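Visitor: Following is a predicted model, sequence given first.
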Amino acid sequence: MINLLYFLSRYGGLLTFVLLELLSIYLVVRYNQTQRDIYLNSSRYYSGILLEKTTQIRQYASMVEVADSLAKENAALYNRLYSQLAITPRDTEVDSLLSPFEFIPARIIKNSINQPNNNLTLNKGELDGVREGMGVMLSKGVLGIVRTTSPHFCRVLSLLNSQTFISAAIKRNSAFGVIHWDGLLPNKVVLEEIPKHLDIQVGDTVITSGHSSVFPPGLEIGRVTRYHVPSGSNSFRIEVELFADLSRINRAYIIRNRYWDELQTLESTESK
Amino acid sequence: MSQELRPHIIRLIFLVLLQVLILRQIQLGEDWLRFAEILIYPLLLMMLPMRWSPAIIILVAFLIGLIIDSFYDTPGVHAGASTFSAFFRPVVLRIISPRSGYDPKQHLTRATFGMTWMASYIAIFLFVHILIVQLLTVFTFYYWDELLLRTGLTWILSVSIIFLADIIFNPKA
């Protein structure tokens, strides 16, 4: 009791002040139109700023999830798109709707473009159905071919690697050849083995040929910027500018062919 | 007790009536002069006895402010300002403390502490009070120039009137 009295005599003034001042401000805001409007507007303004900031932070935190789900959606859309384009091995009614290609969305966790032989690491592995030799594509173009796999990751031979050869064609006339990298610029590759009697023009779109089980046909890769016939050669040497900027990618789709194993066995028996 | 309170109550009635019946009606000009008010009731808060506990002084100040508000039709503005300046009063008194200090029995008047002391007491106390009144009226720092103009005009007028009134009505000291 004595303590309480002491407390009140010591801090009673402050307590009374705070209570009555708050009451006054409440009265001001409650019963004066101008002050009420100012209070409501500015509190709305500041709470708006606060809400916006927290939403931004929350959105930023969930960005990876959002991007993952978008990548999944993209893969599903590719599945539907290529189920209409692709040629299936058997022409029965049911199978003609079924694309041999499936797309596995993956994140690029390691990338390089400035080495003579570039490789990438993706965050999908054997457990997700990734096998050695499968193709990897981007939303605009091809990225490379899976070289080694572990349960959760895979290493990809980049298009910018001297060991990578990908079958490609000119979209306009289906003339096909092989794409590889000459090791010079990260946005330029070379298309070779197209016979010199065929018609090539600057600006032609280069697509995947579909002459392999690795990439679906019709995937756009790049555009012809220059071409010539090297002396003593029967085919063009065509410079192709890639559509995708390989230095700024972070997502890719691994392409799985449903008939992969069957085709592998078939081709290996033939070559024996 | 009633003997002791009587001058306070008479002063309260007189100053409140003067404030709300006469000074409230005065409008000095049209343009920027319309911001100028004359506030004389803070004299009541200034003269509350030092013996009273801070809580009582603040409560009384709040009630005086509410009375003024009820006539000015500005609920909370004068109450809030009075509460604040009553809370702040010990600080003002300490700033202008005379060399001998204060005795709680003394009256806070010109007769006790002299002309200079009274002048600075009025000036500082009213500045704090009027600043809070105008702040609660404008209710934003955005128009800070209007806030300063209102405070300055009202302060000059009120200080002069209170000081003159003090000299005229208490010539003895």
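Guide: That came through fine.
Visitor: I'd like the distance between the most centrally placed residue in chain B and residue A:44.
Guide: Centroid-nearest residue in chain B, with Cα atoms, centre = their mean: residue B:42, separated by 1.7 Å. Going from residue B:42 to residue A:44 by Cβ to Cβ, to the nearest Å gives 35 Å. Every residue, glycine included, has its C-beta placed from N, CA and C.
Visitor: And the closest residue to residue A:223 other than its chain neighbours, how far from residue B:131?
Guide: Distances taken as Cβ to Cβ, 6 or more residues apart in numbering or on different chains place residue A:241 nearest to residue A:223, at 5.3 Å, with adjacent residues excluded. Distance, residue A:241 to residue B:131, using Cβ to Cβ: 70 Å.
Visitor: between those two, who's got more neighbours?
Guide: The residue with more neighbours, out of residue A:241 and residue B:131 and counting by other Cβ atoms under 10 Å in any protein chain shown, is residue B:131; that gives 20 against 15.
Visitor: which residues touch the helix or strand harbouring the more buried one?
Guide: Using DSSP states H and E, the element containing residue B:131 is helix B:115-138. Contact with helix B:115-138 is made by A:24-25, A:28, A:35, B:39, B:42, B:45-46, B:74, B:76-78, B:80-82, B:84-85, B:88-89, B:92-93, B:95-96, B:98, B:108-110, B:113, B:146-147, B:150-151, B:154-155, B:158-159, B:162-163, B:166, as judged by Cβ atoms under 8 Å, 6 or more residues apart in numbering or on different chains.
Visitor: In that helix, which residues are buried?
Guide: Neighbour-count burial for helix B:115-138, counted by 16 or more other Cβ atoms under 10 Å in any protein chain shown, picks out B:117-118, B:121-122, B:124-138.
Visitor: got it, and stretch B:101-115?
Guide: B:108, B:109, B:110, B:113.
Visitor: which of those sit farthest apart?
Guide: Taking Cβ to Cβ as the measure, the buried residues of stretch B:101-115 span a maximum distance of 9.3 Å, between B:108 and B:110.
Visitor: Distance from stretch A:244-257 to the middle of the chain?
Guide: Centroid separation for stretch A:244-257 versus its chain: 6 Å, with Cα atoms, centre = their mean, to the nearest Å.
Visitor: okay, how far is it across that stretch, tip to tip?
Guide: Across stretch A:244-257, the terminal residues are separated by 23 Å (Cα to Cα, to the nearest Å).
Visitor: that older thread, the residue nearest to residue A:223 is in contact with residue A:226, isn't it?
Guide: No - look at residue A:241 against residue A:226 with Cβ atoms under 8 Å: they stay out of range, at 9.2 Å.
Visitor: Where does the prediction get shaky in chain B?
Guide: B:1, B:173 (pLDDT under 70).
Visitor: Looks like residue B:64 contacts residue B:82 (just checking).
Guide: Yes - Residue B:64 is in contact with residue B:82 according to Cβ under 8 Å; the separation is 5.7 Å.
Visitor: Between these two, which is the more surrounded one?
Guide: Neighbours per residue (other Cβ under 10 Å) separate residue B:64 from residue B:82, with residue B:82 holding more: 31 against 24.
Visitor: Would you mark the buried spots in the longest helix seen in chain B?
Guide: Ordering each helix of chain B by length in residues (DSSP state H) puts helix B:144-169 first. Residues of helix B:144-169 classed as buried under the neighbour-count rule (16+ other Cβ under 10 Å) are B:147, B:149-155, B:157-159, B:162-163, B:166.
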